[in-house]
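Asker: A predicted structure for the sequence below; I have some questions about it.
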Amino acid sequence: MTDDLINAKLYDRIYAVVRQIPAGAVATYGQVAAIVGPGCTARQVGYAMSALKPSEDGVPWQRVINAKGEISPREGYGPEVQRAMLEHEGVTFDESGHVDFAQVGWEGPPWQWLEENQFYPAPLLSNRKKKNSDGEQLSLF
DNA sequence: CAGATGACTCCCA
DNA sequence: CTGGGAGCCATCT
């Protein structure tokens, strides 16, 4: 598994990162994309989740939510299922359906895991398109 | 090979 | 707060 990741396809690398999210925590699509590294954007992560097949068991897709702290709408079955799964893991939602990142936000995988699997987390590329490029750094330590 | 398509995200009005 | 528009890029027609 470990060595395969080095040459793995983008989606597989995405799934590998998502698998690192512990129960009771959540991560955003953009955060996962940043960890996977260059060539991966939040959109790819979302698409990867959409393309997730039953055969890829063990990918806690429910722990990946959008940057607003809400569960993203989807074409398939409603977000109630995802929310229920998260609540079962101890994630709480406020009245408007938002989670508190300060409380359940994922810190990211240990640096050692990143090195072993050769992930090179990039700064959040969010601001690359327009104005400033101060590229706020993801706190992985 | 040329579009079309997203479980996204940011910025601005 | 809400909504629209542009950028994004691996995959799929």
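Answerer: That came through fine.
Asker: what's stretch A:17-26 in contact with?
Answerer: A:27, A:32, A:35-36, A:49, A:58-61, A:63-65, A:86, A:89-91, A:99, A:101, A:104-107, A:109, A:113, A:119 (C-beta atoms under 8 Å, 6 or more residues apart in numbering). To be clear about C-beta, it is placed using only N, CA and C from the backbone, and glycine gets the same treatment.
Asker: how about the residues of chain A by DNA strand B?
Answerer: A:28-30, A:41-47, A:49-50, A:52, A:61-62, A:64, A:66-68, A:72-76, A:82, A:124, A:126-127, A:130-131 (C-beta under 7 Å from any atom of the strand).
Asker: among those residues, which are in strands?
Answerer: Those of the residues of chain A next to DNA strand B mapping onto strands are A:28, A:64, per DSSP state E.
Asker: and the buried ones among the residues of chain A next to DNA strand B, selectable in ChimeraX?
Answerer: Applied in ChimeraX, the following selects the buried portion of the residues of chain A next to DNA strand B according to 16 or more other C-beta atoms under 10 Å:
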select /A:28,29,30,41,42,44,45,46,49,52,61,62,64,82,124
